[in-house]
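Participant: Using only what follows, build the 3D model:
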Amino acid sequence: MSKIKFLSFLLFAAVTLFSCAKKDVVPSTTLMDTPTAIAQYDASNYGIYKGVFVGSSGIIVIDISNQGKILATLIIEGKTYAYTTTQTILPNQVTSLTFVNGNDHFNFSVASNGTNPTITNLVISGHVDPAIMVVKETSLAIVKCYEGTFSGGDNGIFNAVIFNNKLKALVKSTTANSNFIAEGTVVNNVTISAGSVSSGSTFSGMLSGNTFTGTWNDTQAVLKGTFTGTRTY
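Facilitator: Prediction:
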């Protein structure tokens, strides 16, 4: 084999090996079925918080020193944004943090035992009247995030989290141009019942694998329609 051919062969082999290695490190898109939250932080401000975003549609994961770091990851329409903070906190204390990504930012607060996590002062470029709702994941109960829509007499976004046999959603009405909170009960991991929206509407439905579907109506049953969602995290 000539020197030129031998060098070409080495270059081809190197490129092939690099391509294979690169493929091997692509993150899996498989949805998790077990919590990432650590047991020692189940009743602490530390831990994992997951939720949903409306403004367009997305999900959020906030890691508060669950594994030694503080980071918020917001995924909107499939694009990932990392939010960081320069603040430091201690375990088992009332927490208030400001997360920043360029000119975008929001405040995260939570009680010392991990209850009542809240997002305020939300500024996300290109999104009118955005909102985020988060809940705390524990080592015993994974939080699953779903993105969906509703239609009929009104239409808009229906993004939800399901955890501990509960469904909690952020609903953005296109007609009213307002955001609402929805809550329901998940029975036997199949039936969604006793659903109510802060707008006064009610809903019920079914959960099947990584999707849910159902119907909704307002208090006078004048406006009604359907909703659907798919798990994205």
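Participant: Please, which helix or strand holds T215?
Facilitator: Using DSSP states H and E, the element containing T215 is strand 211-217.
Participant: what stretches of the chain score poorly on pLDDT?
Facilitator: Flagging of the chain using pLDDT under 70 yields the residue ranges 1-29, 221.
Participant: Report the beta-bridge partners for the spatially most central residue of it.
Facilitator: Central residue of the chain (CA atoms, centre = their mean): I59, 2.9 Å from the mean position. Here I59 sits in beta bridges with V52, I75, going by DSSP bridges.
Participant: Now do the contacts for it.
Facilitator: By CB atoms under 8 Å, 6 or more residues apart in numbering, the contact list for I59 reads 50-53, 74-75, 145, 147, 159, 232-233. Using the backbone N, CA and C atoms, a C-beta is placed for each residue, glycine as well.
Participant: Determine the next helix or strand in the C-terminal direction from the strand holding T215.
Facilitator: Strand 211-217 is succeeded, C-terminally, by strand 224-231 (DSSP H and E).
Participant: strands paired with that following strand, and their directions?
Facilitator: strand 144-152 (antiparallel), strand 211-217 (antiparallel).
Participant: Take the ones you listed and write them to CSV, including distance to T95.
Facilitator: Converted to CSV, those look like this (distance: least, CB to CB, whole Å):
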stretch, distance to T95
strand 144-152, 22
strand 211-217, 32
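Participant: Make CSV out of the contacts of I59 and add distance to L90 and neighbour count.
Facilitator: Conversion of the contacts of I59 to CSV gives the following (distance: CB to CB, whole Å; neighbours: other CB atoms under 10 Å):
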residue, distance to L90, neighbour count
K50, 23, 25
G51, 24, 26
V52, 29, 28
F53, 28, 28
L74, 25, 22
I75, 29, 18
C145, 28, 24
E147, 34, 21
N159, 32, 26
T232, 33, 19
Y233, 28, 19
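Participant: Much appreciated, bye for now.
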